[in-house]
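Undergrad: this one's sequence-less:
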């Protein structure tokens, strides 16, 4: 009736009078317990008083069998009281009282066995969350037989708890068939969660034998295609929302919670800035249902409210967003999201202040950043920049403007002297002096509000990066990274060029882990923030380098001297000019700073065990150094690449085997490319063939080449050999590794066995077959270059092996056929040449429409080479059959037609025209013969271009829109090696664009050289 005061007076009067010891004494204790029930989970004193009253009632009632009903009533009322304490982080308070309650029910021989089993399961969960595994095991020993005998429908839940927490108890060997099916199903479900596919498959196979209907529960759902995955995910969310409403109408709490958890897991991939607005209705329904049910899934409810606050804030609905954050704060009993929620609430409160200026510097900076976020796309950069600068000035009024002006060319003072490099020297010195002022700001601040300032600086850097205000982005990033305790220390200098002697592979590291280990460990949230800002800072530094006309890790080019000089003036060498040396050192320092940022971010990813950070660091390094990799300058990146490989091995690659293979390929090529001798003249190569003895590598070279072959290439090839299906990579990526591995074997003078690099235990026959063919092709390419010649299989056998392969990449298959066409032509095997060339041409024409524009260029070049070789083979095997000249002419016309599709194809078509006339293409040209096939060759559209069609730069199409998985290198490389291998297509980690940057797939094949494919 709501008369609480009357009830308290009555209870006090009852206990003042010593009445008879009857059931009403127990009822009085139960009433007093309800009156002193705690109003919140924070008031532990009231909780203890309440539990004491319940224990008094139980101790009184269990002494007389006629009062046993009071024990049951006490357990029900007790359970209603402790329900708020079933949240994570509070269950350990219930262990003593709940254990006594379960013991009392077992002593009274309660008839409601299901209720007793329910309390046993809850006590087991309390033991597990309190970390009392021994007590949990003892409880399982008694609870499992009880539940199995009296409440078998709950034994599945009991077994799930035991398996998930690894609680081992003794069970009888013989169980009934239905129980065994339940156990197998639970084990299969757990194996799927833990991604133990083999165990799950075995369980399902046993279930199929017992009951074919059970097997459907373990099927792994197929993932939607990349083009419709978002829409398909949204359709699932809508269907689950309707299912949730039906579950609510049914009134089954367990079913409702199951649907809510499934809905949340389905929404997780869509909680991105550009997609989460679709989830406002389903997440609102989810939050309302859980709130009406007073669900104990507090962490889930907290996360749902936080995401709803973000969605409402994106739509400028600040009041609902604030309400959601307040609800999330009440549900965050463990304090996992306390800092995040507090910052978000403070930010929303600042957004509501229209005509007030906050008193705190941090609040003024946050308000300025929020105003900058709301800037319209049509607003000028000057307006956005002004707001961002105000935020920086609020945080660092003493130094922010000084550091920001370090990039202001108007502030550069050159003095009275004017030389060729005076302005560049003054700009470099001005920037260096300005940036050095930032360190003093942190010293003067004295660690005040460090965490809050770190988040504000990081937010300022992100907003400036998004709005392309690069100078503010660089300055804010520098101030944020000052708080990184490891970053303040002097990092080991990024080494360029040759590594020091005695490189022993994985044992050495030049990036100073010992210094990092001595620093105070920061929280994972702050370290993650440092890693993100490190990515932004490095990218912004690359932008500064590009504004100076320099690419990352490249040296600047001295400007042209346009001033007038008197007669007899001797120009000064830039390398002897102190001003130019200063400017060059400054530019190299910027490159070093960017590399250090990426490597520090990778170290953070290893420290907090988050592979995605390491992967993005690798993507950044490979992408922004793509020009070095294309130019064959991987050796300048050895320290950085090896450091990243060590971290990826330590942290794991999270299934991204393609990125790991690309990193291994770049590192292995960097190790061996320096030791490949220059291409010897033809005479020297003939002498080398007659003299099979070759000079071995010196110890330093042998150490590096052996590390590239055994430590890196074989590691990557063994990882991607198909033994683990999730580690399989495209054949184009393996082709790069195979080419490097074969070249390394040649440098070490090690023959390749008859299995052609395939291990005996490898079970994927498709990958094994393609590996054998690619290894044999690389061996053919490496022979005849003045180094050790491989013992190669016969060409007829190689052609047969290639025809039996199941190729997963059409371009690699076409390239293989083209190379086989070349090698069979060089071996004067006319039939094999015609068969390979005809198959390549038919396949290229058939699948032409399936390729993208860049691949079409490669395809056209390959088909042109194949058709030209086919025509030459026909001409050389006429043997008086003049009617075959027409077939040869058609082949040359087809070659010219394919060449006409190439960009800058003019020299290529001219070469084909002279070849069709029987004239070497590099001889002096005379007037073409009129009419016939030659006229059709000449009629191909000729578009003059200064770039030769065989120049690998012709296919260069680079994009730097954020971190992305790089394509492997191609292009200008030493002509001793590993055969024309095509890099795989680029994929992205963050950005939606890919870089083409594909190198030349195969040489022209028109010059009589056995080393057909450049490495």
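TA: Yep, that arrived. From a predicted model like this one, the values you see are computed outputs, not experimental measurements.

Undergrad: okay, now the domains of this protein?
TA: 4-164, 176-212+224-365, 366-491+524-556+576-653, 655-675+697-793, 809-903 (the TED database).

Undergrad: dump these to TSV, plus mean neighbour count.
TA: From N, CA and C alone the C-beta is placed, and that goes for glycine too. Formatted as TSV, the domains of the chain follow (neighbours: other C-beta atoms under 10 Å):
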stretch	mean neighbour count
domain 4-164	17
domain 176-212+224-365	16
domain 366-491+524-556+576-653	19
domain 655-675+697-793	21
domain 809-903	20
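
Undergrad: for residue 566, find the nearest of these.
TA: domain 366-491+524-556+576-653 (15.5 Å; C-beta to C-beta).

Undergrad: how long is the closest one end to end?
TA: The first residue of domain 366-491+524-556+576-653 is 37 Å away from its last residue (C-alpha to C-alpha, to the nearest Å).

Undergrad: how far does it sit from its chain's centre?
TA: 22 Å (C-alpha atoms, centre = their mean, to the nearest Å).

Undergrad: so what's the model's average confidence on that domain?
TA: If you average the pLDDT over domain 366-491+524-556+576-653, you get 89.

Undergrad: low pLDDT regions in the stretch 101-250 of the chain?
TA: For the stretch 101-250 of the chain, residues meeting the criterion pLDDT under 70 lie at 159-183, 186, 208-228.

Undergrad: that one: helices as residue ranges?
TA: 113-130, 133-150, 155-164, 177-193, 197-210, 229-250 (DSSP state H, counting those that start in this stretch).

Undergrad: list the helices and strands the top helix by length along the chain packs on?
TA: In the chain, taking DSSP state H as the definition, the longest helix is helix 578-607. Judged by 3 or more C-beta pairs under 8 Å, 6 or more residues apart in numbering; DSSP states H and E, helix 578-607 is in contact with helix 422-436, helix 485-488, helix 513-518, helix 524-547, helix 611-624, helix 638-651.

Undergrad: by how many degrees do the fourth one and helix 611-624 diverge?
TA: What that stands for is helix 524-547. Going by axes from the mean of the first three to the mean of the last three C-alpha atoms, to 10 degrees, helix 524-547 is angled at 10 degrees with respect to helix 611-624.

Undergrad: tell me which stretches of the stretch 701-850 of the chain form helices.
TA: Under the criterion DSSP H, counting those that start in this stretch, helices of the stretch 701-850 of the chain are mapped to 714-719, 731-747, 765-782, 795-804, 810-826, 830-846.

Undergrad: who's in contact with residue 835?
TA: residue 799 (C-beta atoms under 8 Å, 6 or more residues apart in numbering).

Undergrad: and it, how far from residue 776?
TA: Relative to residue 776, residue 835 is positioned 17 Å away (C-beta to C-beta, to the nearest Å).

Undergrad: again with residue 885
TA: From residue 885 to residue 776 the distance is 34 Å (C-beta to C-beta).

Undergrad: same question for residue 554.
TA: In terms of C-beta to C-beta, residue 554 sits 38 Å off from residue 776.

Undergrad: please name the nearest non-neighbouring residue to residue 526.
TA: Distances taken as C-beta to C-beta, 6 or more residues apart in numbering put residue 454 closest to residue 526, at 6.0 Å, once the chain neighbours are dropped.

Undergrad: residue 479 is in contact with the one you found, correct?
TA: No - at 9.5 Å, residue 454 and residue 479 do not qualify as touching, with contact defined as C-beta atoms under 8 Å.

Undergrad: I figured residue 409 hits residue 428, correct?
TA: No - with contacts defined as C-beta under 8 Å, residue 409 does not count as touching residue 428, sitting 11.9 Å away.

Undergrad: can you show me the helices along the stretch 301-450 of the chain?
TA: With DSSP H, counting those that start in this stretch as the criterion, the stretch 301-450 of the chain has helices at 318-331, 338-351, 361-373, 381-395, 400-404, 422-436, 438-445, 450-466.
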